[in-house]
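Participant: got a predicted model here, sequence first, then my questions.
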Amino acid sequence: MTAYIRARHIGLDLPLYTQEQGGVRATAGLFLRAAFQPPRRILRTTLDDISFDIEEGDRVALIGRNGAGKSTLLKILVGAYPPTRGVLEVGGSRQALLNLSLGFNSEATLVENIILRGIAMGLKPAQAASIAGGVLEFAELEEKAGHRLRTLSSGQRIRLGFALATAMQNEILIMDEWLGAGDASFIKKAKERIRARVDNAKIIVLASHNASLLRNVCNRAMLLEGGRLVALGGVEEILATYQKSLRDGFAKPAA
Ligand SMILES: Nc1ncnc2c1ncn2[C@@H]1O[C@H](COP(=O)(O)OP(=O)(O)OP(=O)(O)O)[C@@H](O)[C@H]1O
């Protein structure tokens, strides 16, 4: 099957909860306000009117300043947020390498967590159970298979999340800057695995502020600004447009 991602005028509104702010003298009333004035819920447009085609072989860098909407767009691409407007079509199996410890159940054991997350990733229960041994081995946590997840250190949790998220090769890999966690030998092993997954994926979408990583992995780039797609093209060209926009101000939305 040919892998693709097509976005047509997609937009996302997210709820924001705001509380009226009092002055310093009103600080005494803080608790009363919190009790009697519940936060106001407003919808904020986080992404707007984004259209693009990503085809097999594309390795796309998502570039933009803090708050531009990169992570939010990645979450739409993995299916975590359905777009409020527009149409998103995805062909091919997807895997996110985003928040590696998200979605774990701290009261369940490591094996139970692997099976639950495996099912959430689209595996059948028997398939999910069959990958548990390999995941635990890669994470170097075999002796903790039956322990509750809450007994792991934060680094061990990330190792488990990484081992699970990269256990299988998927056609579309959606990731943000991956920061190594753990000791040097684990980081080396993890980099080798991620390189293999990146090399064998049909499509990559990678959000990062690291220009050399983007140059190394990607052949196309999209520049986001204020929740809008303002430029798309080759990596060098878009990195130059981004540097210029940091110096001179906002770029104009792409036609
Ligand atoms: N769950 C949410 N609810 C409301 N607003 C959100 C939510 N998540 C993100 N935002 C807002 O959406 C905007 C885009 O955030 P996003 O995390 O996508 O930016 P980013 O480009 O990935 O930034 P960074 O480079 O800092 O990681 C920001 O203004 C952020 O405050």
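Facilitator: Sure thing, it's come through. Residues are numbered from 1 along each chain as shown.

Participant: spatially nearest residue to residue 12 (excluding sequence neighbours)?
Facilitator: residue 47 (4.4 Å; Cβ to Cβ, 6 or more residues apart in numbering). The C-beta positions use only the backbone N, C-alpha and C, and glycine is treated the same way.

Participant: did I read that right, that neighbour in a strand?
Facilitator: Yes: counting by DSSP: H, G, I helix; E, B strand; the rest coil, residue 47 is located in a strand.

Participant: who are the contact partners of it?
Facilitator: Residues in contact with residue 47 (Cβ atoms under 8 Å, 6 or more residues apart in numbering) are 10, 11, 12, 69, 72, 73, 76, 83, 227, 228.

Participant: at 10 Å what do you get?
Facilitator: 7, 10-14, 68-70, 72-73, 75-76, 81, 83-86, 224, 226-229 (Cβ atoms under 10 Å, 6 or more residues apart in numbering).

Participant: what's the spacing between it and residue 129?
Facilitator: 38 Å (Cβ to Cβ, to the nearest Å).

Participant: can you show me the strands along the stretch 1-150 of the chain?
Facilitator: For the stretch 1-150 of the chain, the strands defined by DSSP state E, counting those that start in this stretch cover 4-18, 40-55, 59-63, 85-91, 94-97.

Participant: just name the most buried of the ones you listed.
Facilitator: Among the strands of the stretch 1-150 of the chain, strand 59-63 has the highest mean neighbour count (mean count of other Cβ atoms under 10 Å), at a mean of 25.

Participant: does that strand reach the ligand?
Facilitator: No: using Cβ under 6 Å from any ligand atom, strand 59-63 never reaches the ligand; the gap is at least 7.9 Å.

Participant: quick one: strands adjacent to that strand?
Facilitator: strand 203-207 (parallel), strand 220-225 (parallel) (DSSP bridges).

Participant: give the contact list for residue 206.
Facilitator: Contacts of residue 206 by Cβ under 10 Å, 6+ apart are 59-63, 70, 74, 97, 173-178, 198, 213-214, 216-218, 221.
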